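K.L.:
Give me a model of this one.
(one chain, ligands or ions: 1)
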Amino acid sequence: MIRSLLRAPARPALDWASIAARAARGIGISEAEGIAIGALETPEEISALLACTDGIRTTHKGNAINTCGITNARSGRCPEKCNFCSQSAHFETAAPTYTTKSADLIAAEAKAAFEGGVREFSIVMAGRSIHADKDLTTLETAFRTIRAETGLQTCASLGLMKKKDLARLQAAGMESMHHNLETARSHHANIVESHTYDDERETIIAAKELGMYVCSGGIFGMGETWAQRVELALDLRALNVDSVPVNFLNPRPGTPMEGMKELTPLDCLKIIAMLRLVMPTKDIIVCGGREMNLLHGQDNMFKAGANGLMLGNYLTTAGSALQDDLDRLERDGLVVRAPPHQPHPPSVPPAVRSTGTDMGALADKNAGV
Ligand code: SF4
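P.N.:
Down below sits the predicted model:
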């Protein structure tokens, strides 16, 4: 009796053959399976996980890797209060502050990124939202020049956007829109104090309604539980986003998250893998914080299911040397994908929706259904 009480809890069984067969048809894992991935830890379990995710990535993405680059086109003095962000005016940080760059400078940065191997380029601006005519005109000019003079897929990350402003930019050549949910609905208010999870969602829905390629994910390692990571993934699937940027917290001095370090390289690989299994057909892009969190795990990030990488510098921190990353792709037998990105079939949930914890029910709850 005592021996049975002391016995370690049984590890949840994951049927890899079944998961792979469903993923080949675009069907993602259930909430329960997503939770079970968080408990994997032995070398054998991790090998089985990576073999599965590597196969699914290859099935849907071949050996092509999306490469993204960004410019921080307006930095700092942001009135919003996002507790991870060094650009918030609420915190004393060393992040640079400047007003909107010229369209010429943005286009020149885009051209340099293209020549360096980047194939999607995002113009990122700090602030709650971008709606001033002067800023929108700068963006329109930049998009027209980039489309005319490079082979880049164009993207922007502009905060909480109205559909009419997005439509204006789309007409000028903006193809993709990036906007993160940041973290799970149940954790969002702990992280973002100046706007709501539904505000984030509305921007994503507006861009999807316009037919834009939508890139939305979050930052991991901000005090969320594994279940909340799965919760975020399920809502991204419910929103049918096209691409999921995966950021790992790089705690910036002066922000409330200074000194926070929660993730191991294995945690990071399991997060990438869980996202691939929840959304087998979508693009999973490893972005900020990979160098300091994934460390040697970067050697396995594509096996874990990532099919994209942010190259060059991040918004306020330095990234890897571009050539090092291109060399990594070559070593792994991977190639840079040429734009435009192919339209993605949706990653769909399992058909069973009967229990209160089923992902379909959770997605409905998140969607306010
Ligand atoms: S994440 Fe964006 S909206 Fe939030 S404080 Fe930083 S720049 Fe502002």
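K.L.:
correct me, but Arg119 touches Val335?
P.N.:
No. Arg119 is beyond contact range of Val335, at 10.9 Å (criterion: CB atoms under 8 Å). For glycine as for every other residue, the C-beta is placed from the backbone atoms N, C-alpha and C.
K.L.:
who's more crowded, the two?
P.N.:
Comparing Arg119 with Val335 by other CB atoms under 10 Å, the one with more neighbours is Arg119, at 24 against 12.
K.L.:
in the protein, which spans are strands?
P.N.:
64-74, 120-125, 153-157, 176-178, 213-215, 218-220, 243-248, 283-286, 308-310, 335-336 (DSSP state E).
K.L.:
Any chance of these in a markdown table with distance to Glu44 and mean pLDDT as columns?
P.N.:
Listed next are those as a markdown table, based on distance: least, CB to CB, whole Å; pLDDT from 0 to 100:
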| stretch | distance to Glu44 | mean pLDDT |
| --- | --- | --- |
| strand 64-74 | 28 | 91 |
| strand 120-125 | 37 | 93 |
| strand 153-157 | 40 | 94 |
| strand 176-178 | 37 | 95 |
| strand 213-215 | 34 | 95 |
| strand 218-220 | 25 | 97 |
| strand 243-248 | 25 | 96 |
| strand 283-286 | 24 | 96 |
| strand 308-310 | 28 | 92 |
| strand 335-336 | 31 | 88 |
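K.L.:
would a markdown table of those strands with distance to Tyr98 be doable?
P.N.:
Formatted as a markdown table, the strands of the chain follow (distance: least, CB to CB, whole Å):
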| stretch | distance to Tyr98 |
| --- | --- |
| strand 64-74 | 7 |
| strand 120-125 | 11 |
| strand 153-157 | 17 |
| strand 176-178 | 20 |
| strand 213-215 | 24 |
| strand 218-220 | 23 |
| strand 243-248 | 23 |
| strand 283-286 | 26 |
| strand 308-310 | 21 |
| strand 335-336 | 31 |
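K.L.:
out of these, nearest to Ser47?
P.N.:
Closest approach to Ser47 among the strands of the chain (CB to CB): strand 283-286, 19.7 Å.
K.L.:
Any idea how many residues pack against Asp327?
P.N.:
11.
K.L.:
Begin at 846 from now on, thanks
P.N.:
I'll keep to 846 as the first residue from here, and by that count the last item is Asp1172.
K.L.:
pLDDT below threshold where in this structure?
P.N.:
Applying pLDDT under 70 to the chain flags residues 846-857, 1158-1164, 1185-1190, 1196-1214.
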